[in-house]
Each structure stands twice: as structure tokens, then as C-alpha cells.
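*Asks:* need a 3D model of the following:
(one chain, ligands or ions: 1)
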Amino acid sequence: MSFSDMPVDVGPVYEGERIRSNQMYVELGGPKIEKHFELVKVRNIKDIEDGKVTLHGPDLKDMDEGSRHPIGILVEVAGKQLEEDLEAVFERRIHEFTNFINGVMHLNQRYTNWMRISKTAIGKGFNSFNMMGTILVRLFKAELPIIEKCQVTFYTDPKAIEKPYKGALEAYNNRDERARGLHDSDVDMFYGCVLCQSFAPTHVCCITPDRTSLCGSINWFDARAAAKVDPKGPLFEIPPQECKNEIAGEYVGINETMRKRSLGEIERIYLYSGMEYPHTSCGCFEAIDFFIPEVNGHGIIDRNAGALAINGLSFSAMANTTGGGKQMAGFNGISLQYISSPKFQQYDAKQLGLDRGIDLVVWMNSGLKERLNEFLPKDIIDKIATEKEINDINNLKEWLKEKNHPIIKTWTEEEEEIEEYEEKDAMIPVGTQTMTIPGSGGFGGFKIILKNCKIHADTVIIKKIEEKKKR
Ligand code: SF4
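*Replies:* Residues are numbered from 1 along each chain as shown. I've put the predicted structure just below:
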């Protein structure tokens, strides 16, 4: 396969290339554009014109420098061995293959895709979607030889993208719906994916029926189909073996695979915890589940959130802490599908005496809550705050009390414990230490409370002492 006819280089060496706003010629999709998508569909072989590239809307050379546009990428493939279950896995390769192009940056997936083309690439003559489509066709056929024919259609016009965008959302929903009915206890094989190791070298996704991949684009069915057609490829089987802890979702086979595929970096994974041995996060997660120490609960913010989270941080600010293939207790990259699973962070909930992981969630951005509305238990929906009701963490506690949110059951004991230690000046039990660091001027300062220190502390929370709260 050659790209000598292209004005820019193409190859895996360019994966991970970042294009900052001052280097960018145009931006396609992303958070500032309403409708954008990427989709792969398996078609009948006679319906595909191999190598054909079609564009609906302005071409790169017609776009003004610094402008933003919608982007729809529809890749249609055909081949005797192809099945619908492979669509999602092929679709994830759009991210990889577009990033092979020097001067193109691609982030995210499905309806959150986001691309930038650099000024340098445009300057060298990479100024047409026909070139991008041709590169995609060649890479799809070379890297996935079971694809016999491939054609690509781009949508950059805001009107022209509307219908295919709607069709793409339906396709994603249909895939998610099918996966929703299956649970981890129904299967005897899990799957792994290392497609994101080019960005996060120690990250390995473990894909189970209850834990769709954190990018949200590869469910258990998709992973099974991919591992079947290409067992030596980036998606592979993980025999779970012995279950060491059912509530936490700890399996001998998963731990072994993580150790091997993360080059020894990750030793243990609790599938259903964001606080103890959490699953690693690359950078493609659909949402972030974050701990809110002030109320002992969790918030969830998704990629499309316009507002800041209740902790005052944006999605992108928290994504920097969450991603990179690390195990980051309290900051967990997750798929939207996992939030509606009965297994969602069940270990963390049980540790606090709550029945369900969803009972930990005290805040979500409003768009996410709307999207998940029909999939979450009815008794919790109205108790989860959004930026529309509460945008100040100081008011959240009162609001949760008013709503009788299940998390308040976990407060009483904690507050009583702390007050008891303070009142009696009692010996502090092993595993709980408090200390005060004086502020400048010799008053006020911070109290550092480390509880249950036998649990490793990746984060130390420093809280200002509020006089009136006596804490
Ligand atoms: S997030 Fe996980 S499943 Fe999705 S492409 Fe990356 S490694 Fe694969």
C-alpha cells in the first residue's frame, strides 16, 4: 500500500499528533458543533462502489481559515465474511486511521467525533476530502483484509448532515439496546481491547456485558465478533477464570491479562469500583464518574456538558486527571451504558452500606440526565441534582437532605465519628488521622482527614475549616 500520491505522509508514527488552536486551519465536529457523527455500515457487495468518495457540502479548500464545520463520516464496507456485529469495531478504526495522516487530529467517536486539520497540511496541498476518503479506503482494506469493498461519504453541510445524523443515532441506540439485555453472569468469556495504547500505553479495556468499553463504542457483542475474525488483533478474549470477589468484579483471568497487556503496570482491577483498583481510563471515555468528598457522593459529567461540574471543573480539566492509562481512584472514565447497568460501581456503594451504585450519584450534567432518564431507576432520578438546580457545592448538601437522597444515610455516622474523636480527645484509631496545618497569620488553616488509610490514598483532600460547622 502506498501513499506516495498524497501531499502528506501517512502512517502510525503520526498517531498522537496534537494540533493546537493556533496550528489549526479548520475544525470539524467537536463540542462547538451541534451535529456530527461517524458510522460504519456493512452492505451487500453489489451495493458498494469500491474506492468511491462522495462529499455533501463544502470541501476543505472552500473552508475559511479558523472556521468550524459539521462532519459526518459514513464508511460502507462489504465482504463475504462480514457481519453487522463488526460495524462498531470497524467504526473505532476511523479514529486510528485518520490519526495516521500527518496534519490530521481525530478525537472521540460516534456523535462526539472531533477533528482538526493543520495549516501545515493544508499548505502542503492536503485540501480535499477526496484525499482523506481515499486514505481511509486503502487503510480499511489493507488493515482489515476481510473487507473486500469500501466506499466513504462525507457530510459537511449543516442541512445535508441532518438525515444521516439521525440515522447514525438510531444505529448507536440499536446496538446499545441489544447489549442492555445481557449481563456478566450470562456469559463465560470477556474481551479486551488495546486500540488506545498508542495514546495511553498502559491502558487495557476489559469489555463485559455490564461494562461496555469506556469509549461507549464497543459492546460485548462487538468485541466477540472482532476477536473471532481476528484473534491476534487489538481485540482479544479474556477468560475470566475464578471470581475472587463477586461484588467488586475481581477475576483471576482479568488480573492476569491486565498485568500482561499493561506491561506489568496494572496488577488488579475491580470491574465495579471507581474507588478501589478501578479500571484504567485512556482518554476516549464518554463520561467521568468523580468523587465529591463534601457530600461523600459521586458526580457524573459527560463529554457534551456545556456547564462546569458541581466541583467547579470542566469535563476537559477532569479528563486530564482521569486519562492516560492510570488507575485513578475517584476519577473514573466510563461509558454511558455502564451507568445504567445494575453492576455500576456496586462495590463502592456496598462499602458505604448502600444497595446500588446509582445511589452514590448526587449530581449529573442536565444533558446526561435527560439522556439516561429512561434507563435509570425511577426512585433516584429526581434526587440527582443538575447544574439547573444546584451549581454551588455549598448548597448541594441541603438540597440532598431535602430530597432525602440515599447518600445522606452515609453522612451521619461519619460526622458523629469525627465529632466524637474531637470531643473526647480520644485516641484516633489506626487508619484514621487528622491534623491541622495553620494558615498564614496563625489562625484558620486546613484540617486534613485521612480515613481508612489502609486503602491507598492517591488523593489527599484539603478542606478549609468552616467556623460555624465546627469541623
Ligand atoms: S476505549 Fe477501550 S474499547 Fe474503546 S477503542 Fe480504546 S481501548 Fe478499545
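
*Asks:* pretty sure residue 112 contacts residue 303?
*Replies:* Yes - using CB atoms under 8 Å, residue 112 is in contact with residue 303, at 5.0 Å. Every residue, glycine included, has its C-beta placed from N, CA and C.

*Asks:* what is in contact with those two at once?
*Replies:* Counting by CB atoms under 8 Å, 6 or more residues apart in numbering, the residues touching both residue 112 and residue 303 are residue 286.

*Asks:* those two: which has the busier surroundings?
*Replies:* Neighbour tally, residue 112 and residue 303, criterion other CB atoms under 10 Å: the higher count belongs to residue 303, 24 against 21.

*Asks:* ok, residue 348 touching residue 271?
*Replies:* No - using CB under 8 Å, residue 348 is not in contact with residue 271, being 11.9 Å away.

*Asks:* now residue 211. Nearest residue, chain neighbours left out?
*Replies:* Among residues not flanking residue 211 along the chain, residue 338 sits closest, at 5.3 Å (CB to CB, 6 or more residues apart in numbering).

*Asks:* just say helix, strand or coil for that neighbour.
*Replies:* Three-state call for residue 338 (DSSP: H, G, I helix; E, B strand; the rest coil): helix.

*Asks:* mind listing what's buried in stretch 264-272?
*Replies:* For stretch 264-272, a neighbour-count test (16 or more other CB atoms under 10 Å) marks 265, 266, 269, 270, 271, 272 as buried.

*Asks:* could you do stretch 393-405 as well?
*Replies:* Going by 16+ other CB under 10 Å, stretch 393-405 has these buried residues: 393, 396, 397, 399, 400, 403, 405.

*Asks:* farthest-separated two in those residues?
*Replies:* Greatest spatial distance in the buried residues of stretch 393-405: 393 and 403, 15.8 Å, computed using CB to CB.

*Asks:* residues contacting the residue nearest the centre of the chain?
*Replies:* What sits nearest the mean C-alpha location of the chain, by CA atoms, centre = their mean, is residue 285, with 1.0 Å. By CB under 8 Å, 6+ apart, the residues touching residue 285 are 214, 215, 216, 303, 319, 322, 323, 333, 334, 335.

*Asks:* which of those fall within strands?
*Replies:* 333, 334 (DSSP state E).

*Asks:* ok, and which of the contacts of residue 285 reach the ligand?
*Replies:* By CB under 6 Å from any ligand atom, the members of these lying near the ligand are 214, 215.

*Asks:* can you list which of the contacts of residue 285 are found in helices?
*Replies:* Using DSSP state H, 319, 322 are the members of the contacts of residue 285 that sit in helices.

*Asks:* and the helices in the chain?
*Replies:* Under DSSP H, the chain gives helices at 87-99, 119-124, 129-143, 162-180, 220-229, 252-261, 315-322, 336-339, 346-351, 366-372, 378-381, 393-403, 409-424.

*Asks:* low-scoring stretches of the protein, by residue?
*Replies:* 412-459, 464-471 (pLDDT under 70).

*Asks:* okay, now the domains of it?
*Replies:* Domain assignment for the chain by automatic domain parsing gives 12-177, 181-360, 428-471.

*Asks:* does residue 401 touch residue 408 like I think?
*Replies:* Yes - taking CB under 8 Å as the definition, residue 401 is a contact partner of residue 408 at 5.8 Å.

*Asks:* for residue 215, what are phi and psi?
*Replies:* Here is the backbone geometry of residue 215 (degrees, to the nearest 10): phi -80, psi -10.

*Asks:* ok, it touching residue 335?
*Replies:* Yes - the criterion here is CB under 8 Å, and residue 215 meets it with residue 335 at 7.0 Å.

*Asks:* mutual contacts of those two, please.
*Replies:* Contacts common to residue 215 and residue 335, judged by CB under 8 Å, 6+ apart, are 285, 286.

*Asks:* against the ligand, how distant is the closest residue to residue 193 other than its chain neighbours?
*Replies:* Of all residues not flanking residue 193 in the chain, residue 205 sits nearest, at 4.3 Å (CB to CB, 6+ apart). Distance check for residue 205 against the ligand: by CB to the nearest ligand atom, to the nearest Å, it reads 3 Å.

*Asks:* mind listing what residue 205 touches?
*Replies:* With CB under 8 Å, 6+ apart, residue 205 has these contacts: 192, 193, 194, 196, 213, 214, 215, 218, 279, 282.

*Asks:* let's see that with 7 Å instead.
*Replies:* 192, 193, 213, 214 (CB atoms under 7 Å, 6 or more residues apart in numbering).

*Asks:* how near is it to residue 165?
*Replies:* Distance from residue 205 to residue 165, counting by CB to CB, to the nearest Å: 27 Å.

*Asks:* re the thing from before, most packed of the domains of the chain?
*Replies:* Highest mean neighbour count of the domains of the chain: domain 181-360, a mean of 20 (counted as mean count of other CB atoms under 10 Å).

*Asks:* now do that one: distance to the chain's middle.
*Replies:* 9 Å (CA atoms, centre = their mean, to the nearest Å).

*Asks:* ok, now stretch 39-46?
*Replies:* 27 Å.

*Asks:* put the alpha carbons of that stretch into CSV.
*Replies:* The C-alpha trace of stretch 39-46 is given here as CSV (Å, rounded to 0.1, in the frame of the first residue of the first chain):
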residue,chain,number,x,y,z
LEU,A,39,-20.6,5.4,11.3
VAL,A,40,-19.6,2.2,9.6
LYS,A,41,-22.3,0.1,7.9
VAL,A,42,-21.9,-3.4,6.3
ARG,A,43,-23.7,-3.5,2.9
ASN,A,44,-24.4,-6.0,0.2
ILE,A,45,-21.4,-6.4,-2.0
LYS,A,46,-23.2,-5.3,-5.1
